[in-house]
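Novice: Structural data only, the sequence is not supplied:
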């Protein structure tokens with residue numbers, strides 16, 4: 001994966017949300033447009049956040065970005081301290097799922113209702 005793009009209603013609020021939840025580092029925006037910002041997701045992956053005038057969408061949970069974290073338990077504690085509602089795959093609040101391959105995961109929505117999965121899958125299995 002090279003990058004993932006989301007359209008948002010309020011650029012500053014979305015940037016704050018993603019930086020607070022994931023601690024993302026901003027990188028140079030190759031477009032140099034004031035309504036677009038780029039962030040590093042992994043060694044070579046990026047998140048592009050674009051403010052648009054109108055958002056009219058309904059996104060199912062099955063359409064989501066999935067991010068693996070090194071310390072899943074600490075991540076869970078962090079989002080609980082931020083009072084961020086999260087769900088397991090079936091939709092139970094403040095619960096995590098464990099897939100058949102033993103990967104733990106949770107889901108939440110950002111400020112523009114995009115679904116985000118966070119899991120403890122080890123890279124390069």
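Specialist: Received the coordinates, thanks. Computed from a prediction, not measured in an experiment: that's the story for all the values here.
Novice: What's opposite the residue nearest to residue 26 when sequence neighbours are not counted in the beta bridge?
Specialist: Leaving aside its chain neighbours, residue 26 sits nearest to residue 39 (5.5 Å; criterion: Cβ to Cβ, 6 or more residues apart in numbering). C-beta coordinates here come from the backbone N, C-alpha and C atoms, glycine included. Note on residue 39: beta-bridge partners residue 26, residue 47, judged by DSSP bridges.
Novice: Just give the number of residues close to residue 39.
Specialist: By other Cβ atoms under 10 Å, the residues close to residue 39 number 20.
Novice: For it, give me its contacts.
Specialist: The contact partners of residue 39, taken as Cβ atoms under 8 Å, 6 or more residues apart in numbering, are 18, 19, 24, 25, 26, 27, 46, 47, 48, 49.
Novice: again with residue 51
Specialist: By Cβ under 8 Å, 6+ apart, the contact set of residue 51 is 7, 8, 9, 10, 11, 14, 35, 36.
Novice: looking at the sheet around the second one, what are its partners?
Specialist: Right, the one you point to is residue 8. residue 51.
Novice: residues in contact with it?
Specialist: If you count contacts by Cβ under 8 Å, 6+ apart, residue 8 has them with 14, 49, 50, 51, 52, 55, 111, 112.
Novice: Top of the residues you listed by number of neighbours, please.
Specialist: residue 49 leads these on contacts (other Cβ under 10 Å) with 24 neighbours.
Novice: how close does it get to residue 61?
Specialist: 20 Å (Cβ to Cβ, to the nearest Å).
Novice: Please tell me I have it right and residue 72 contacts residue 119.
Specialist: Yes - Residue 72 lies in contact with residue 119 (Cβ atoms under 8 Å); the separation is 7.2 Å.
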